[in-house]
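Chemist: here is a sequence together with a model predicted from it:
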Amino acid sequence: MKKLFQLALTLFTASFIIGLPAFSYPDVTPDYWAAPQIKELTEKGVIVGYPDGTFKPDANVSRAEFASMAIKALGQEHTTIAQPVNFNDIEPGFWAYDSIQKALYFDLISCPPEGEAFRPDDTVTRGESISVAVNALTTEQISNIKAKEVLSKKYADTDEVPEKFLIPAGKAEILNMLVTIPSSDKAKIDAERPATRAEVAGILYNMMEQAKLNPNAKLAEAMRKKTGEGYVIESAFVQGSIGTIPAGALVPVKLGNYISTQTSKAGEIYSASAPENYITKDKFILV
């Protein structure tokens with residue numbers, strides 16, 4: 001029975017590993033400047049490649065795509081919004097409608113006047129993407145003067161940054177979140193330039209990591225540890241919004257189909273599910 005239980009756990013783990021997107025983009029080499037961030041976000045399902053298997057790191061991202069990516073990076077894709085905002089260019093059936101509404105709810109983007117256009121198919125600019133990343137966080141307030149002081153030390157185009165992006169850019173720089181493509185020249189913020197997919201990956205990764213520590217008020221509430229009943233994993237723990245089940249922990253699983261030594265073949269994939277919540281000894285829900 002013990003061996004069967006361990007086999008079931010192995011298959012359960014394998015099904016999760018097999019289900020993860022493979023990181024094998026032919027146009028993103030291991031030494032590419034944003035390769036680690038692209039790999040991490042691909043594995044988490046935040047970003048995906050194209051049907052031909054490429055990532056196209058220099059391609060642009062639409063405002064709707066960025067809203068969807070940001071919500072996934074923050075783990076809030078299952079949040080329910082009670083009072084959506086109406087736009088004159090987005091209907092409830094639009095593919096990114098829910099993500100855009102969630103981005104508004106979590107204060108990632110400013111709520112425009114009722115009925116104003118969202119422009120979902122416009123490319124997201126670097127300034128817009130940086131602002132969203134900073135809006136996801138609880139940060140110290142800074143002035144325009146402070147922002148310029150911080151930015152001018154490193155960026156050649158500080159004086160060209162539109163005022164609405166100045167403070168977000170300053171905060172991003174203070175938090176080491178202001179992503180720029182490596183260059184031999186003095187770096188530029190390029191606030192109004194469309195962001196590339198590689199830059200978006202870097203910005204979202206930084207946002208995701210910072211939000212684990214200092215999320216804004218609405219995100220903090222959504223990420224707050226939840227308690228419940230279930231199977232207790234004695235060695236598991238929760239820190240902030242992150243739950244950890246140590247390697248080697250044994251957990252009960254429910255196989256989706258039967259295992260038979262007479263019919264099973266090498267390499268066959270089995271699916272499994274958790275029959276109940278996995279919780280810490282303090283009853284914080286892990287899965």
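Modeler: Now that the structure is in, tell me what you want to look at.
Chemist: okay, now the unreliable bits of the stretch 51-200 of the chain?
Modeler: Counting by pLDDT under 70, the stretch 51-200 of the chain has low-confidence residues at 114-115, 184.
Chemist: at 80 what do you get?
Modeler: Residues of the stretch 51-200 of the chain meeting the criterion pLDDT under 80: 111-116, 183-185.
Chemist: just checking, E65 touches W95?
Modeler: No. Taking contacts as CB atoms under 8 Å, E65 lies outside contact range of W95: 9.6 Å. In this view, the C-beta of every residue, glycine as well, is placed from N, C-alpha and C.
Chemist: between the two, who's got more neighbours?
Modeler: When neighbours are counted by other CB atoms under 10 Å, E65 and W95 differ, and E65 comes out ahead with 20 against 10.
Chemist: kindly confirm my reading that that one is in a helix.
Modeler: Yes. Assessed with DSSP: H, G, I helix; E, B strand; the rest coil, E65 lies in a helix.
Chemist: measure it to P57 for me?
Modeler: Per CB to CB, to the nearest Å, E65 is found 15 Å from P57.
Chemist: P30: which element?
Modeler: Per DSSP states H and E, P30 falls between elements, in no helix or strand.
Chemist: sorry, wrong one. I was asking about I167.
Modeler: Going by DSSP H and E, I167 is in helix 163-174.
Chemist: ok, residues contacting that helix?
Modeler: 127-128, 130-131, 133-135, 137, 139-140, 142-144, 146-148, 150-151, 154, 161, 178, 189, 191, 206 (CB atoms under 8 Å, 6 or more residues apart in numbering).
Chemist: got a quick ChimeraX command for the buried subset of these?
Modeler: Provided next is the ChimeraX selection string for whichever of the contacts of helix 163-174 are buried by 16 or more other CB atoms under 10 Å:
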select :127,128,130,131,133,134,135,137,139,142,146,147,148,150,151,161,178,189,191,206
